[in-house]
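Colleague: Sequence plus predicted model, see below.
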Amino acid sequence: MITRRQYRQGGSLSAALLAMAVLWLGLAHNTLAAQDGETIRLTLLHTNDNHGRFWPNQYGEYGMAARKTLVDRIRAEVKADGGYTLLLSGGDVNTGVPESDMQDAEPDFRGMSRMGYDAMAVGNHEFDNPLGVIRKQQGWSSFDFLSANIYDRDGQRLFKPYRIFNKGGMRIAVVGLITQSTSYIGNPEYVEGLDFVLPEKEMAQLLPKLEEKADLVIALTHMGHDMEAIGTDVALARAVNGIDIIVGGHSQQPVCIDKKGELVADYRPGEPCKPDHENGTWIMQAHEWGKYVGRADLIVGRDSVELVDYRLVPVNLKTGKGEERQYVQASISPDVELQAFLKDYQDKGGAALREVITRAEETFDRGDRREASNVSPLGSMITRAFQQFARADIAITNSGGIRDNLYQGEVTVKSLMQVMPFANTIGYVDLNGEELRQYLQAVGLLDGNRRGIQYTGLSFRENGELVIGSESQPLDPQKVYRLATNSFLAAGGDGYPPLLEKPTYVNSGVVDFTAVQQLLAGRESITPADF
């Protein structure tokens, strides 16, 4: 193994190769052995990007109650073998499922508390809510919200920066860090006046203090895994020597590295997973939604840490389609007490879905999707909601994503979900006029709307000239415009040009029907003519 002390002195290539060889022989957990009483066996468990998934999906996959059964089983196994456990979350507990969103993620935070989480990194989607809601969520939680690099107007940290755990006499420091991009991808109303310091800078200043207090340093982050960008887990590991482990979130991916040292793009549940290893630091991430529990079996000494085994344990994930779906591994029974506790919230959330928003005086027909040039009042209403939410100049969505009419009568949350059942999130990107023209040309909006795109914010003069906004101004190649759309199209769905790699692209994390709900709130009634 490479000790932190050896690494800072330059280390040894042969020692590094030996460590890797020992690790990937695939030693089983029950063979871990303490060395002369100077080490402990620590099993680090982690999840990230829960996004409201406290309840299993329609196929019975994941869910907090099954996760608790798995975590309790691992804890009992490790304890029987004389070891210790630590359970961490990489953040973004909020936003994604109506039953959770409508209850300020109370079932999620209370469920995590009952599972015995030790700490959580604050994620950018925690700032989908005002600080008062975040403080309320902290009150529901038995674990710490950690973030060292968020400061208020007075220069004071908004959250506890780190916590030191004592496990068998070993001091384990867990430091929270959040992506600096929260300053512009978070809700402007809720992040205004906050300073999100570059994580590399914050950790470099904090680490010398931690090394005096701790035997093991874990950065618990919500920054994402990216080989190139600054402010990510990889950038942090490369910039700051002495971090033993990074447990991450934000990019919502299983961080598993192949033999070439590249990220496995098509990781499948149940396959082996080797975490990334950068500058002497292990980097781990467990995809999203509680689909996996990451498990790292470690031997920790005063100046050393050895990763003996690592895996992503699936939580009732299945393969196949329809009735042919099969569990990847043996099914995990949900914890009975937690399942009953969460069912009350699930039922309450179901009642919330019946909430009446407004009344439709006439049916909003989604239009005949075979008519490519059709822009229906329903499509116009949806894209206007996108436009208003993102403060965009133009908004588009695909007709194929509108799956039902909005029928005459009471408009409920559930009826909006039937219109937009895919729970796509709203994204937006800033493009100059020429870039926007090229995009609109690529999607077919400059030559007859062949894709049947639903849109708001643009129109065409009789001569075919494209004009933007209510003042019908011609497209200016030098002007910057904001385009709002859904996450499916932004990712290149339906063959649309992908927007995710654009430096100005932002995924708001807000589900499409939520924006429509906000647009309609407070209106006594609506008619197609309104849109």
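Modeller: Here it is on my side, so go on.

Colleague: Report the separation between G90 and K79.
Modeller: Remark: distance between G90 and K79 (C-beta to C-beta, to the nearest Å) = 24 Å. All C-beta spots, glycine's among them, are computed from the backbone N, C-alpha and C.

Colleague: The two - which one has more neighbours?
Modeller: G90 (32 against 12; other C-beta atoms under 10 Å).

Colleague: in terms of contact, does that one touch Q285 like I think?
Modeller: Yes - here G90 lies in contact with Q285, judged by C-beta atoms under 8 Å, at a distance of 6.7 Å.

Colleague: Now for those two: what residues contact both?
Modeller: Shared contacts of G90 and Q285, defined by C-beta atoms under 8 Å, 6 or more residues apart in numbering, comprise N48, V247, G248, G249.

Colleague: Spell out which residues make up each domain of the chain.
Modeller: 38-348, 356-530 (automatic domain parsing).

Colleague: Restricted to strands, list the shared contacts of G90 and Q285.
Modeller: When these are checked against strands (DSSP state E), the matches are V247.

Colleague: okay, the shared contacts of G90 and Q285 in JSON lines with pLDDT and neighbour count next?
Modeller: Compiled in JSON lines, the shared contacts of G90 and Q285 are given as follows (pLDDT from 0 to 100; neighbours: other C-beta atoms under 10 Å):
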{"residue": "N48", "pLDDT": "98", "neighbour count": "33"}
{"residue": "V247", "pLDDT": "98", "neighbour count": "30"}
{"residue": "G248", "pLDDT": "98", "neighbour count": "33"}
{"residue": "G249", "pLDDT": "97", "neighbour count": "33"}
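
Colleague: where does E337 land in three-state SS?
Modeller: Under DSSP: H, G, I helix; E, B strand; the rest coil, the three-state class of E337 is helix.

Colleague: now it: how far from G294?
Modeller: From E337 to G294 the distance is 24 Å (C-beta to C-beta).

Colleague: Y327 contacts V315, correct?
Modeller: No - in this structure, Y327 is not within contact of V315 by C-beta under 8 Å, at 10.4 Å.

Colleague: my guess is M120 meets L87, correct?
Modeller: No - judged on C-beta under 8 Å, M120 makes no contact with L87 at a distance of 9.9 Å.

Colleague: neighbour-wise, which of those two wins?
Modeller: Per other C-beta under 10 Å, whichever of M120 and L87 has more neighbours is M120, with 33 against 21.

Colleague: So what are the sheet partners of the helix or strand harbouring R295 and their directions?
Modeller: Using DSSP states H and E, R295 falls within strand 292-301. Within its sheet, strand 292-301 is paired with strand 39-47 (antiparallel), strand 305-314 (antiparallel), according to DSSP bridges.

Colleague: now those as JSON lines including mean pLDDT and mean neighbour count?
Modeller: Compiled in JSON lines, these are given as follows (pLDDT from 0 to 100; neighbours: other C-beta under 10 Å):
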{"stretch": "strand 39-47", "mean pLDDT": "98", "mean neighbour count": "24"}
{"stretch": "strand 305-314", "mean pLDDT": "98", "mean neighbour count": "22"}
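
Colleague: now these in CSV, with distance to Q205?
Modeller: As requested, the strands paired with strand 292-301 are arranged in CSV below (distance: least, C-beta to C-beta, whole Å):
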stretch, distance to Q205
strand 39-47, 25
strand 305-314, 22
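
Colleague: Low-confidence stretches in the stretch 351-500 of the chain?
Modeller: Applying pLDDT under 70 to the stretch 351-500 of the chain flags residues 368-374, 448, 450.

Colleague: quick one: the helices in it?
Modeller: 377-390, 413-419, 433-442, 487-490 (DSSP state H, counting those that start in this stretch).

Colleague: how about low-confidence regions in the stretch 51-200 of the chain?
Modeller: Those would be 188, if you go by pLDDT under 70 across the stretch 51-200 of the chain.
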